[in-house]
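> Pasting the sequence and the predicted coordinates here, then a few questions.
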Amino acid sequence: MIFNVMTLFPEMIEDAMNTSIMKRAMEGEYIELKTFNIRDYTLDKHNKVDDYPYGGGAGMLMQAQPVYDCYKAITENKDKKPRVIFVTPQAKVFDQAKAQELAKEDELIFLCGHYEGIDERVLEEIVTDNISIGDYVLTGGELPALVMMDAISRLVPGVLNNEDSSVTESFDDGLLEYPQYTRPEVWNDKKVPDVLLSGHHKNIEKWRYEQSVLRTKERREDLYKAKFGENI
Ligand code: ADE
């Protein structure tokens, strides 16, 4: 998977990606990160990339020209144009299903906005997907792009050591994950549930499923209703 990121703050993307599992995934060449500083593509002699909105209003907008020229530079030698994801709160919210869908691509381009937004005309020209990470407003698109790249990367084969750990987990089957325990057997007077020590795999599986259902009902009624219907 190749991630191309168009941003005014490439170091923010690189710093976060050069840590932990993402770092290992890049070293192992399971994923590749290419950052592009949109400012490098401005034709303005003062390196400006923003201007006032027509019609007035608060703040500044990123101009179309540097964004478009940056996109052109990324895609000029590519036969197949990668999907361009504009990270914006004005969109449907990213979820595990979207992560799975995007993980099937060979290459993606993320466009990170700043200031009050980006000139609509360049968005119309290049963006294939608008995606939000939640119903709140951040100062820029870098954190949302990092969130999405993290969620996508761990689904790329080879990135996680244990293939299983990206299979049995929250959201895969529309349920939250069951509680987990490690040593010691008793901690703070709390004992690990007996069934997990029994070695009886069928019973363990059943217990875990029941716990998943219970947890989903308690913590995420919306997911519970989506899976089992309104009347349960
Ligand atoms: N940019 C600013 N806020 C955002 C959000 N919630 N999701 C995606 N991009 C954003």
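Cool, got the structure.
> Report the buried residues of the top helix by length along the chain.
Assignment by DSSP state H gives helix 201-219 as the longest helix of the chain. Under the neighbour-count criterion of 16 or more other CB atoms under 10 Å, helix 201-219 has I204, W207, R208, Q211, S212, V213, R215, T216, K217 buried. Glycine gets a C-beta too; all of them are placed from N, C-alpha and C.
> can you pull the contacts of the fifth one?
With contact set as CB atoms under 8 Å, 6 or more residues apart in numbering, S212 has these partners: L175, L176, E177, Y178.
> how about those residues in a markdown table, adding secondary structure, pLDDT and neighbour count?
A markdown table is the format used below for these (DSSP: H, G, I helix; E, B strand; the rest coil; pLDDT from 0 to 100; neighbours: other CB atoms under 10 Å):
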| residue | secondary structure | pLDDT | neighbour count |
| --- | --- | --- | --- |
| L175 | coil | 95 | 22 |
| L176 | coil | 96 | 20 |
| E177 | coil | 96 | 15 |
| Y178 | coil | 97 | 21 |
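> sec struct for the most centrally placed residue in the chain, please.
Taking CA atoms, centre = their mean, the centroid of the chain lies closest to M148, which sits 1.1 Å from it. Recorded secondary structure, M148: helix (DSSP: H, G, I helix; E, B strand; the rest coil).
> Tell me the pLDDT of it.
The per-residue pLDDT reported for M148 equals 98.
> Just give the nearest non-adjacent residue to it, would you?
F94 (5.9 Å; CB to CB, 6 or more residues apart in numbering).
> repeat for G28
That would be G158: by CB to CB, 6+ apart, it lies 6.5 Å from G28.
> Report the secondary structure state of the one you found.
coil.
> do you know how far it is from M149?
In this view, G158 and M149 are 16 Å apart by CB to CB, to the nearest Å.
> which residues in the chain form strands?
Using DSSP state E, the strands of the chain run over 2-7, 32-37, 50-51, 61-62, 83-87, 107-112, 129-131, 186-187, 190-191.
> Each with direction, which strands does the last one pair with?
According to DSSP bridges, strand 190-191 forms sheet pairs with strand 186-187 (antiparallel).
> List of residues touching the strand it pairs with?
For strand 186-187, using CB under 8 Å, 6+ apart, the contacting residues are V192.
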